[in-house]
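Asker: could you look at this predicted model? Sequence included:
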Amino acid sequence: MKMSAQAFRAWKSKAITLLAMSGAGKTTLASKLPKQKWFHYSGDYRIGTKYLEEAILDDIKAKAMAVPCLRELLLTDSIYIRNNITVDNLAPISSFLGKVGKPECGGLPLAEFKRRQRLHRQAEIAAMLDVPEFMHKAKTIYGYANFINDAGGSLCELDSPEVIASLVQHTLIVYLDIPDSLQQTIIERAKQHPKPLYFNENFLDAQLAAFLQETGCASSEQMVPDAFARWVFPKLVAYRQPRYQQLAQAHGYTISAEHANQVRDEQDFIDLIATAIDAQQAPASPVVS
């Protein structure tokens, strides 16, 4: 939604969606808001604990069944396996997504990798469509005055008009723009510790083809998973950035990740967004209750 800075400040039950690349500081920014007043909705947490929970557990169980002693214990119901996903620990989701490449290096065959990617896309769409329901729960059940949606870094790749329409209708879209210095830091960090990620399938197909041609690999199963992950990440950043910028320009507002990092408390947060609204000349709108 669009509104004036005055309307934003007067908005009694603020609802904000934070957009940015992973590592830009969305979760850190959300954590600076008073927990008794702001409901922190993590899209990734919802994905892992609701929409991918069964698939994640099935993957872990399949790996455990390959270990004879664990297989026997599982078959006799002597042990059980469960997730311990938190907002700050999303490792089970990453483990499930995996990386494409040589099986002997821990990589997944392309068909299986794409299957998991599609499941993640469906889960992320569902998690974002849940935002209005959780806004209602947060206010009516738990008594939270305000709501912040910490969206996943891949939201701009979902190609789901329904998700964008819902978020725009119910929340103020705020994009954290990362300066070149931070962007390079994020890229270097990803190269040092390559992690599984979601890719838009068209982007993935194009980048796989380019990587195979560049390296001379005959197929994705000849690739070293981490080598592809390091090679593709800067290209992913370049692919996502204009998509985020377009979303913010059309439907919301942009703040600098550097300025967001300087936020100390709720008032700083509100002032930062109101200043961005003023600077980006948003049209006036009635106050939303």
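Answerer: Nice, I can see it. Residues are numbered from 1 along each chain as shown.
Asker: list the contacts for residue 75?
Answerer: Counting by CB atoms under 8 Å, 6 or more residues apart in numbering, residue 75 makes contact with nothing. Glycine gets a C-beta too; all of them are placed from N, C-alpha and C.
Asker: measure it to residue 61 for me?
Answerer: Distance of residue 75 to residue 61, given as CB to CB, to the nearest Å: 11 Å.
Asker: helices or strands up against the longest helix along the chain?
Answerer: Counting residues, the longest helix found in the chain (DSSP state H) is helix 225-251. On a contact count with 3 or more CB pairs under 8 Å, 6 or more residues apart in numbering; DSSP states H and E, helix 225-251 meets strand 15-19, helix 161-170, strand 172-177, helix 180-192, helix 201-215.
Asker: most tightly surrounded among the ones you listed?
Answerer: strand 15-19 (a mean of 25; mean count of other CB atoms under 10 Å).
Asker: okay, now the sheet partners of it, with direction.
Answerer: strand 146-150 (parallel), strand 172-177 (parallel) (DSSP bridges).
Asker: what sits up against it?
Answerer: 26, 29-30, 131, 135, 146-151, 155-156, 167, 170-176, 244, 247-248, 252, 273.
Asker: so where is this protein shaky, pLDDT-wise?
Answerer: By pLDDT under 70, the weakly predicted segments of the chain are 282-289.
Asker: change it to 50
Answerer: Within the chain, the stretches with pLDDT under 50 are 282, 284-289.
Asker: tell me the centre residue of it?
Answerer: Centroid-nearest residue in the chain, with CA atoms, centre = their mean: residue 152, separated by 1.2 Å.
Asker: wait, what's in contact with that residue?
Answerer: Contacts of residue 152 by CB under 8 Å, 6+ apart are 22, 43-44, 47, 124, 127, 198.
Asker: at 6 Å instead, please
Answerer: By CB atoms under 6 Å, 6 or more residues apart in numbering, the contact set of residue 152 is 43-44, 124.
Asker: would you reformat the residues you listed as a markdown table and include secondary structure?
Answerer: Converted to a markdown table, the contacts of residue 152 look like this (DSSP: H, G, I helix; E, B strand; the rest coil):
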| residue | secondary structure |
| --- | --- |
| 43 | helix |
| 44 | helix |
| 124 | helix |
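Asker: what is the neighbour count of the residue lying closest to residue 176 once chain neighbours are set aside?
Answerer: Nearest residue to residue 176, sequence neighbours excluded (CB to CB, 6 or more residues apart in numbering): residue 20, at 3.7 Å. Each residue near residue 20 was counted by other CB atoms under 10 Å, and the total is 28.
Asker: distance check, residue 20 against residue 235.
Answerer: Distance, residue 20 to residue 235, using CB to CB: 18 Å.
Asker: likewise residue 138?
Answerer: Per CB to CB, residue 138 is found 37 Å from residue 235.
Asker: more neighbours, these two?
Answerer: A direct count of neighbours by other CB under 10 Å for residue 138 and residue 235 places residue 138 higher, at 21 against 14.
Asker: work out for me the element that one sits within.
Answerer: helix 131-140 (DSSP states H and E).
Asker: residue contacts, residue 191?
Answerer: Contacts for residue 191 (CB under 6 Å, 6+ apart) come out as residue 230.
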